[in-house]
Every structure is written in C-alpha cells, then in structure tokens.
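S.K.: Structure of the sequence below:
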Amino acid sequence: METNELVHKLSGIQTIESVKDILRVNKQMAVYYIHRLRKEGFVKTKRQSSNRRVYSISLENKLGGKSYYEIINQYSPIKISTPLTYRIYGREPSLEETLIYAIKTKSFRAILASLALFKKINDWAGLYRLARENHLERQVGALYEIARQAMKIRRMSGKFRSSALPKGKCPFAYVLPGLRSKDFIEIEKIWKMHVPFNREDQITAYAIGGTAMMFLGFKDATLDIDLVFEDEGGRDAFKEAILSLGYMEMDALKGYGARRNAPEMFRLGDERFDLFVIEVVDFIFSDAMKTRAEQIHQYGSSLILRIADPHDIVLMKCATDRLKDKDDARRIISSTKLDWNVLLVEAKRQITLGKARAAFELGCFLEDLKTSMKLDIPQNVLNELFGIVEKQARSKHS
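M.R.: Numbers count the residues shown, from 1 in each chain. Okay, here's the model as predicted:
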C-alpha cells in the first residue's frame, strides 16, 4: 500500500486495534504499517494513563512544527488535549509567547496549565513587550502571583512589576469574564484583576497502591482504586460524585478487618474505590509524600490526581499483610532503582508523626521480601530499621 494512501486512511488518533479494523489486517501487519509511517515521520506516539499506546498520524507530523499546547504540555504537569491544533512552522514559539497565547484562549484549563511556564521564563523584557502588545500586563502579573502560591518559580523582574502594576484609578478587569476569586482577594486588589481560581475549586487526591502502579507503568490495569484525600470535604465531594454514578457503599471490615484508619469503600460491579483521608491504615500520607507525587493528571476543572512515588507505594504496601501487596512491592523493587535512604528517612518521619510501628512494619515487610522472594534488599537497610526498633524498645523501658 502506498504511503499517501496509508496516511489518508489512518489520519487521526489510532491504536493497533483501530488500524487492524481500518486496514483489515492482522496485528503483525498493523504494527508494520505504523512502524513504516513512524519511520517516515508521519506518526507521533503517546501513552495513555492506562499505559496503552495511541498513535497520532498526520501529514502535519511530517512537516514538523510545534503547537502552543505541545509546549505547555512539555512543561506543565496538567496536560491539555484539544482537537484544535495551531501549529507553527519554521521556528519554535518562546515560552513567553506561549504564556500570552494561553491567556488569550480564555480557557480555564489552558491558563491553569500555563502557570507552570513561570518556572522557566527568564526573558521578562520580552514577556512585558508581548503582554503590552496584547493589553495583558495585569493578567500576567496576577497569574504570576497565583503561580507563586503553588510552586517555586523564578522571581519576576522589578522592571516588569513596576511597569505592569495598575496606576491611578484603574478599573478592575477579569482574566476570565465574570469569574473572581474568594481565596486570592489580596492579589486581585494589587493588580486590580479578578482571577478565576479558588483553592476549594479543585479536589486533590493521591493515587496509591495498584492505581498508582498502573499510572507508573508497573501494572496494565487494576479494579481496586485507592485514593488519599487531603481533607474530609474533598472525600465527601468525590463520594457524592461516585454515588451518583451508582456505586454502593460497602463495609470496610470486609477489606481491612478491624484495622484503624480504614477507608470508606464503594463498589460497582467488580470495581472498588477505597477512599482515605491523610491516614492510610498504619501510615500518614506526609507532606514529603505529597511532594514526591510528581506525576499529575487533571480531570475536568475540579479533580487533580497526583500519583504516589514508587518509594511511598512500597512503604504503604507494608500496612497490609496480603500476598498481592507483597507481589506488587516485588514488582516495583525488581523493575526500578529505589533510593533506600528515602524509605529510611520516611520511616523515621512517620515515627515523629505518631506512627511508632513504622520502622518495625517496614523492616518486617522488607525482610520477608528478601527471604521469601529473594529480592536484593541491602542488609544495612534492614539493620538500620531494626536498630531504630531496638532504640524505641530501650527508650520505652528506660
């Protein structure tokens, strides 16, 4: 089949299965055709959250160029998917130009995702010129202040700030028409610019266990979805949403016995949600764990899902005594290079947070993996964990 005919037939987003159906070929031939088109530059490959490959096939891929959304996705943990792609050829747009474009879209999600660009922007003179040309100086200033609340970013130049701040009786304006903040009122006053963001607008949940493993590529799928929320309000809002979808509450005793800090559990068919708030059975989802959860996915405008780090997945696997949890830990330890010091430091942190059994639980868990599954777990790590336990015992009886 000629290349032009292949591109014409397969133009768009495809999977191996859809290529098989469109071309009426077997899997081997579908893989061959995708490989052939990729080699000629017509294919871009992405992985979905389920770790499944999808293929974007188009003539534009061959021509090259880059879109503003691709640049935002390159730097932002919040990814944007849009059917409308404005691609630029012959040059790569600057981060400053991309930020201005995002603000001009008037899209809540595009603007939210673009805040991450402030971490890399250093041409403040160029940014001010673009902002002034598009009458967006105050929008940029206000959004910069919002970004500073959420992440470590480069300092705005003094010249940009003094030039962009409103002068005299400047009327209030909006980043997004009609939307104003309840949480960032002081920033709005400084810049005389209403911003569309509130802290409570978004629920942040942390995926742990098999859910996190799926996102990180350690598993193909999972039916048990384990989430940790930062407060009861976030869990209640999420609970209300899944109940409206038909999920039914179930007794946590069936999954966790009489353990303290068991989750609220919900089931629909074979799928199950386990919803925790900060405490996950014998552990606390600490601030350090939150920081390590670097992979981020956004669903709609209200749910931010952060994926637990592999170190923390292993740590929390020892909170239960199930064979599948040991097998999950084995899979992580066997397929990625862990920094054992991260686990040691977190175990000590858990003790300071009131989880006195943290070092004991982790030590026993790792020792069991070392002996029963023949995993290469450094003996000095086990020695340090059990040394902590011995000190705790001496302190208790002194």
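
S.K.: low-scoring stretches of the protein, by residue?
M.R.: Applying pLDDT under 70 to the chain flags the ranges 47-52, 63-65, 79-87, 89-90, 200-202, 254-255, 257-260, 300-301, 320-321, 398.

S.K.: In terms of residue numbering, what are the domains of the protein?
M.R.: Domain segmentation of the chain under automatic domain parsing yields 3-64, 92-199, 203-397.

S.K.: Out of those domains, which is closest to Ile72?
M.R.: Ile72 lies closest, by CB to CB, to one member of the domains of the chain: domain 92-199, at 5.2 Å. To be clear about C-beta, it is placed using only N, CA and C from the backbone, and glycine gets the same treatment.

S.K.: Which of the three states applies to Tyr55?
M.R.: Under DSSP: H, G, I helix; E, B strand; the rest coil, Tyr55 falls in the strand class.

S.K.: Run through the bridge partners of it.
M.R.: Gln14, Thr45 (DSSP bridges).

S.K.: Correct me if wrong: it contacts Val43.
M.R.: Yes - judged on CB atoms under 8 Å, Tyr55 makes contact with Val43 at a distance of 5.3 Å.

S.K.: Mutual contacts of these two, please.
M.R.: Common neighbours of Tyr55 and Val43 are listed as Ile34 (criterion: CB atoms under 8 Å, 6 or more residues apart in numbering).

S.K.: quick revisit: need the domains of the chain in JSON lines with mean neighbour count, can you?
M.R.: Compiled in JSON lines, the domains of the chain are given as follows (neighbours: other CB atoms under 10 Å):
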{"stretch": "domain 3-64", "mean neighbour count": "15"}
{"stretch": "domain 92-199", "mean neighbour count": "17"}
{"stretch": "domain 203-397", "mean neighbour count": "17"}
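
S.K.: which one of those domains lies closest to Ser76?
M.R.: domain 92-199 (3.9 Å).

S.K.: Quick one: distance of the closest one to the chain centre.
M.R.: Chain-centre distance of domain 92-199: 23 Å, with CA atoms, centre = their mean, to the nearest Å.

S.K.: gap between the two ends of that domain?
M.R.: With CA to CA, to the nearest Å as the measure, domain 92-199 spans 34 Å from end to end.

S.K.: one step back: nearest to Pro77, of the domains of the chain?
M.R.: domain 203-397 (3.5 Å).

S.K.: Now the terminal residues of the closest one, how far apart.
M.R.: 44 Å.

S.K.: ditto for stretch 242-251
M.R.: 16 Å.

S.K.: what residues does that stretch touch?
M.R.: The contact list for stretch 242-251, computed with CB under 8 Å, 6+ apart, reads Glu264, Met265, Phe266, Arg267, Leu268, Glu271, Arg272, Phe273.

S.K.: and those as TSV, adding secondary structure and distance to Val140?
M.R.: Output for the contacts of stretch 242-251, formatted as TSV (DSSP: H, G, I helix; E, B strand; the rest coil; distance: CB to CB, whole Å):
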residue	secondary structure	distance to Val140
Glu264	strand	42
Met265	strand	46
Phe266	strand	43
Arg267	strand	47
Leu268	strand	45
Glu271	strand	43
Arg272	strand	45
Phe273	strand	40
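
S.K.: Pro93 belongs to a strand?
M.R.: No - counting by three-state DSSP, one finds Pro93 to be coil, located in no strand.

S.K.: Right, I'll leave it there.
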